[in-house]
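In: Predicted model, plus sequence, below.
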Amino acid sequence: MSTSTDTAEVVVVGGGLEGCATAWALAERGVTDVVIVERSTVGDGGTGKSSGVVRCHYGVASLAAMATQALDVFENAEEVLGTDVGFHQTGYVVGVGPQNVEALHASMANQRAVGVRTEDIDRAEVQRLWPVADLEPFAAFAWEERGGYGDAYQTAQAFAAAARRAGVRLRQGTTVTGILSAGEEVTGVQLANGSRIHSRRVVLAAGPWSVPLLAAHGVDLPITVHREQIVLIDPGQDLGPVPVFSDLVSLQYVRSEASAATGNRGSGGGEILFGNSDLAELEPADPDRYSNQASSDFLDLAVEKVGTRFPGLENASIASTYAGCYDVTPDFNPAISETPVDGLFVAAGFSGHGFKIAPSVGRLVADLVVDGKSRDVDIPESDFRLSRFAEGDLLRSPHPYVGAGQMR
């Protein structure tokens with residue numbers, strides 16, 4: 001067993017999307033003596049299972065601000081990160097029933113106040129974009145031209161590569177077994193091979209695996225691990241470059257799944273990815289041991305929802321399925337925060353939002369590490385403080401959608 005030691009100004013625990021974005025953002029701030037410690041390989045955990053939807057439609061203004069600022073990175077990835085990240089700017093449309101029209105417009109107004117480009121779109125235009133859809137139950141729609149979908153795994157790799165070019169070190173196949181501290185101050189991390197990395201700043205960005213590392217220091221991170229199932233559908237026809245469609249009537253979302261031959265603007269006849277937006281009941285799971293396939297009940301749900309909303313898909317069939325895990329907090333929003341242990345920070349509990357806001361998450365964590373607070377007035381660090389859960393002051397949308405919970 002090794003007893004060697006290493007040192008770093010900052011240790012980032014977790015080489016998923018948020019951890020790599022944090023290391024990149026720290027390097028952007030001039031902090032390059034950083035080590036990313038990943039127990040497997042970059043993006044091998046929850047990152048690789050992301051459905052990859054990119055939208056700014058959030059009722060929480062700070063999340064909307066994070067999402068719209070992240071778009072600048074996705075749209076300019078080759079310049080900012082040095083490589084393409086698989087972003088397809090197909091657009092994003094969200095539709096609501098009569099009971100949610102007021103909430104939709106109020107939410108859109110708040111989004112525009114933080115820079116989101118969102119606008120009303122009429123039924124006829126949505127029908128043109130999605131000709132196979134039944135739009136009768138909808139009373140209003142919102143449209144984001146800059147929305148779309150991307151590849152979270154590819155994006156994590158790009159962040160990691162950009163960080164390494166700036167001098168950040170990456171240790172893959174290395175498991176952190178504990179956070180070291182002296183009194184109430186962090187001193188580094190303990191590794192499974194017996195060695196240590198000494199540091200006065202540690203960022204936990206390990207999703208649900210962050211929970212036991214914090215618990216060992218008496219810090220509660222309230223996360224439920226939820227198994228999120230995804231179904232890929234062969235539409236049986238070439239749909240063209242359809243936008244992401246968020247259906248808040250039947251609580252589902254669909255997007256095209258680009259083939260290797262398609263470009264930045266659309267699907268070109270690929271599959272359709274279906275996800276369920278109804279998370280009223282979570283399916284608890286062990287993130288290290290869970291079924292990677294959709295259940296028969298979920299397949300039935302997908303067939304029912306897709307068949308009802310898209311009756312024009314007369315020859316559609318199930319192509320494949322997979323599952324990943326969400327790290328869900330009580331308010332479905334992340335903890336991006338200092339902790340009671342001085343020098344120990346956490347970025348976890350993304351509840352399905354992590355991909356689309358990742359560049360902004362990295363920058364917020366870097367701000368906390370370097371300055372102790374956010375530099376962006378539209379993204380106050382207090383919104384995402386870990387202590388809000390114990391305080392009972394949850395981060396909620398001021399304009400929630402009836403039936404749609406806190407996912408929007």
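Out: Perfect, I can see it now. Only a predicted model underlies this, so the values are computations on that prediction, with no experimental measurement involved.
In: pLDDT at the residue most central in space within the chain, what is it?
Out: In the chain, the residue lying closest to the centroid (C-alpha atoms, centre = their mean) is G354, at 1.7 Å. On pLDDT, G354 comes in at 97.
In: Find the residue ranges of this protein scoring beneath the pLDDT cut-off.
Out: The chain contains residues with pLDDT under 70 at 1-3, 259-269, 405-408.
In: For the nearest residue to Y58 once chain neighbours are set aside, give me its contacts.
Out: Nearest residue to Y58 in three dimensions, chain neighbours excluded: A64, at 4.2 Å (C-beta to C-beta, 6 or more residues apart in numbering). For every residue, glycine as well, the C-beta is placed using N, CA and C. Taking C-beta atoms under 8 Å, 6 or more residues apart in numbering as the criterion, A64 is in contact with C56, H57, Y58, N110, Q111, V114, V116.
In: so A64 is in which element?
Out: Here A64, judged by DSSP states H and E, is contained in helix 61-75.
In: quick revisit: now, the most widely separated pair of the contacts of A64?
Out: H57 and V114 (12.2 Å; C-beta to C-beta).
In: Quick check, the residue nearest to the centre of the chain in contact with G52.
Out: No - with contact defined as C-beta atoms under 8 Å, G354 does not count as touching G52 (10.6 Å).
In: what residues are shared contacts of these two?
Out: In contact with both G354 and G52: A152, using C-beta under 8 Å, 6+ apart.
In: can you list the residues that contact the host helix or strand of A27?
Out: Using DSSP H and E, A27 sits within helix 17-28. Residues outside helix 17-28 that contact it (C-beta under 8 Å, 6+ apart) are 10, 12-13, 32, 34, 36, 38, 42-43, 47, 50, 81, 152, 155-157, 159-160, 162-163, 166-168, 203, 205-206, 347-348, 350, 354-355, 358-359, 361-363, 365-366, 369-370.
In: Tell me which entries of those residues lie within helices.
Out: In this view, these that belong to helices under DSSP state H are 152, 155-157, 159-160, 162-163, 354-355, 358-359, 361-363, 365-366, 369-370.
In: need the helices for this structure, in chain order.
Out: According to DSSP H, the helices that the chain contains are 17-28, 61-75, 77-80, 101-113, 123-129, 152-165, 210-215, 296-309, 354-371, 388-391.
In: To G95, which of those lies closest?
Out: helix 123-129 (7.0 Å).
In: from the middle of its chain, how far away would that closest one be?
Out: Mean C-alpha position of helix 123-129 versus that of the full chain (C-alpha atoms, centre = their mean, to the nearest Å) differs by 28 Å.
In: Can you spell out which helices and strands pack onto it?
Out: Judged by 3 or more C-beta pairs under 8 Å, 6 or more residues apart in numbering; DSSP states H and E, helix 123-129 is in contact with strand 92-96, strand 140-144.
In: So which of these is nearest A258?
Out: strand 92-96 (15.3 Å).
In: That closest one packs against which elements?
Out: If you count contacts as 3+ C-beta pairs under 8 Å, 6+ apart, strand 92-96 packs onto helix 101-113, helix 123-129, strand 140-144, strand 244-247.
In: got a markdown table for the ones you listed, with mean neighbour count and distance to S337 too?
Out: A markdown table is the format used below for the helices and strands packed on strand 92-96 (neighbours: other C-beta atoms under 10 Å; distance: least, C-beta to C-beta, whole Å):
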| stretch | mean neighbour count | distance to S337 |
| --- | --- | --- |
| helix 101-113 | 18 | 23 |
| helix 123-129 | 14 | 39 |
| strand 140-144 | 22 | 28 |
| strand 244-247 | 25 | 28 |
